[in-house]
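Student: Predicted model, plus sequence, below.
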Amino acid sequence: MLDSLTNRLTGILDRLRGFGRLTEENIQEALREVRVALLEADVNFKVVKGFIDRVRVKAIGQDVLQSLTPGQQVVKVVRDELVELLGGSAHRLAMAPHPPTVVMLVGLQGSGKTTSAAKLARHFQKQGQHPLLAAADVYRPAAVDQLQTLGAQLGIPVVGEATQRPADICAAARDEAARRGLSPLILDTAGRLHIDEEMLEELRVIKRAVGPHHVLLVVDAMTGQDAVTVAEKFNAAIGIDAVILTKMDGDARGGAALSVRQVTGRPIAFVGVGEKTEALEPFHPDRLAQRILGMGDVLSLVEKAQATVDAGQAEALAQKIRDDTFTLEDFAAQLKQLRSMGPLGQLMDMVPFFKGAKGLPKEMSGEEQELDRYGAIIASMTPHERREPSVINGSRRARIARGSGTSVSDVNRLLKQYAQLRKMMKGLKNMEGRMGKFKGALPFLPR
């Protein structure tokens, strides 16, 4: 996500951190480079000018130049202004006092509205809500079928037939949601290849007929400044409350994310970071600002882990480490949980100052392929071999390699890494034992 911009900005700011003393000339030179980096990331030029002007005023103030760590202070100024540029604080969709809460999705064809509707329903479902989907895109071939398929996968009901009028579908869905006590109701409306008055009028009709509590514009982050132009036009013609940016996991240069709030005055509510229905994240301006500056996003990483890792399994794993009974079956389970958290590149992007992952998609892809190979190798073992790897001799290694479509060297590498992991776990266990001697004396240690 925004790797190119991150690499440019972190390089510039690292040089500032290295200066023992800053001058106005140092700062002006650095800000010129920041300006170029933002423009190359396709950020709106007016937004860039305002951002640079605000940073310059604060960065050349006496509080910064005369501080003990002026470079760090400038980085803080850039970070704070970047947070404000992105919206300041997270935007949340308030629920109506009387259900259903109606959420209307609008946008151009191809922006990812239908998939985003399912993702949003999944998001609310995980929060304990009972959403309903309305398939009101009756023009795009198979759009209704696509939403019904996604709804069936998630166990979420879908209302709408391709033979009905969009406004009638939305009104019937609202009545159905109210009758069954389902909320929120998410309306997947039709898009066009470009904005036209016929499309806008249809959306106005739906809005008048249903009275949505939230109108969310779905835009493709990879279209850069075009996404901001689309947001401006929809806001002027329909009135939008917030934006969903899709395809933020792709080669988006960042222009849309950094421009849309300033240009339209409307916040970003969610970002799409993948194709799966789980790949929708609430937008946090402060977290994205930190990721752009190479500071990581530990909070999002923890949230992903909490949503993915089963507490009971985690405790069982901890007990296995204490008992020194960690097997290859447990190793395979850990690999599976790691993969379920998302692509490795996205996870490494959240680790503070993990520059080794920046700009290295091939290496990250190689690591993911390695995890896939390990999973296949372990699956090709017998239960006895997974529990007792010491029995795996040369002939067994050859058989396992043939069965998993890998080489004997791949099997050897897996077994070596497993042995190293066991050794490391023993070290942790011994450390825990030694620290236990001090539990009564040191108040900050768990008792």
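Tutor: Arrived safely. Small disclaimer: the values here were computed from a predicted structure and weren't measured. Numbering: from 1, shown residues only.
Student: Please enumerate the strands of the stretch 251-400 of the chain.
Tutor: Using DSSP state E, counting those that start in this stretch, the strands of the stretch 251-400 of the chain run over 268-272, 280-282.
Student: so for the longest one, what's the average pLDDT?
Tutor: Summarised as a single mean, pLDDT over strand 268-272 is 91.
Student: elements contacting that strand?
Tutor: Helices and strands touching strand 268-272, by 3 or more CB pairs under 8 Å, 6 or more residues apart in numbering; DSSP states H and E, are helix 113-126, strand 242-246, helix 255-264, strand 280-282. From N, CA and C alone the C-beta is placed, and that goes for glycine too.
Student: swap in the last one?
Tutor: The criterion is 3+ CB pairs under 8 Å, 6+ apart, and the helices and strands that strand 280-282 contacts are helix 113-126, strand 268-272.
Student: Ok, which of the helices and strands packed on strand 268-272 comes nearest Arg17?
Tutor: Arg17 lies closest, by CB to CB, to one member of those: helix 255-264, at 22.4 Å.
Student: Can you list the low-confidence ranges for the stretch 51-200 of the chain?
Tutor: 62-71 (pLDDT under 70).
Student: Show me where it has its strands.
Tutor: Counting by DSSP E, counting those that start in this stretch, the stretch 51-200 of the chain has strands at residues 102-106, 132-136, 158-159, 185-189.
Student: the inter-axis angle of the second one versus strand 185-189?
Tutor: Here strand 132-136 points in a direction 20 degrees away from that of strand 185-189 (axes from the mean of the first three to the mean of the last three CA atoms, to 10 degrees).
Student: let's number from 33 now, not from 1
Tutor: Sure thing, new numbering starts at 33, so read that last one as strand 164-168.
Student: name the helices or strands packed onto strand 164-168?
Tutor: Strand 164-168 packs on helix 145-158, helix 175-186, strand 190-191, helix 198-212, strand 217-221, going by 3+ CB pairs under 8 Å, 6+ apart.
Student: hmm, back to that, of the helices and strands packed on strand 300-304, flag the one that's most buried.
Tutor: strand 274-278 (a mean of 27; mean count of other CB atoms under 10 Å).
Student: What pairs with it, parallel or antiparallel?
Tutor: The strands that strand 274-278 pairs with in its sheet are strand 246-252 (parallel), strand 300-304 (parallel) (by DSSP bridges).
Student: Other residues contacting it?
Tutor: Contact with strand 274-278 is made by 123, 125, 137, 143-144, 147-148, 152, 246, 248-253, 259, 263, 288-289, 292, 296, 298-304, 312, 315, as judged by CB atoms under 8 Å, 6 or more residues apart in numbering.
Student: Break the chain into its domains for me.
Tutor: 35-118, 134-327, 334-468 (automatic domain parsing).
Student: about what we covered before: put together CSV for the strands of the stretch 283-432 of the chain, with distance to Arg434 on each row.
Tutor: Output for the strands of the stretch 283-432 of the chain, formatted as CSV (distance: least, CB to CB, whole Å):
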stretch, distance to Arg434
strand 300-304, 41
strand 312-314, 41
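Student: quick one, which of these is nearest to Val423?
Tutor: Taking the strands of the stretch 283-432 of the chain one by one with CB to CB, strand 312-314 is closest: 44.4 Å.
Student: Now find how far off-centre that closest one is within its chain.
Tutor: 6 Å (CA atoms, centre = their mean, to the nearest Å).
Student: List the contacts of that strand.
Tutor: Contacts of strand 312-314 (CB under 8 Å, 6+ apart): 122, 124, 148, 151-152, 154-155, 276, 301-305, 332.
Student: Tell me where the stretch 33-182 of the chain has helices.
Tutor: For the stretch 33-182 of the chain, applying DSSP state H, counting those that start in this stretch gives helices covering 35-50, 56-72, 77-91, 94-97, 102-118, 145-158, 175-186.
Student: So which bits of the fifth one are buried?
Tutor: When you say that, I think you mean helix 102-118. Judged by neighbour count using 16 or more other CB atoms under 10 Å, the buried positions of helix 102-118 are 102-103, 105-107, 109-118.
Student: what do you get for the third one?
Tutor: Using 16+ other CB under 10 Å as the test for burial, helix 77-91 gives Val79, Val80, Phe83, Ile84, Val87, Arg88, Lys90, Ala91.
Student: Equivalent analysis for stretch 420-427, please.
Tutor: Here stretch 420-427 shows Pro421, Ile424 as buried, counting by 16+ other CB under 10 Å.
Student: Next: stretch 231-243.
Tutor: Quick answer for stretch 231-243 (16+ other CB under 10 Å): Met231, Leu232, Glu234, Leu235, Ile238, Lys239, Val242.
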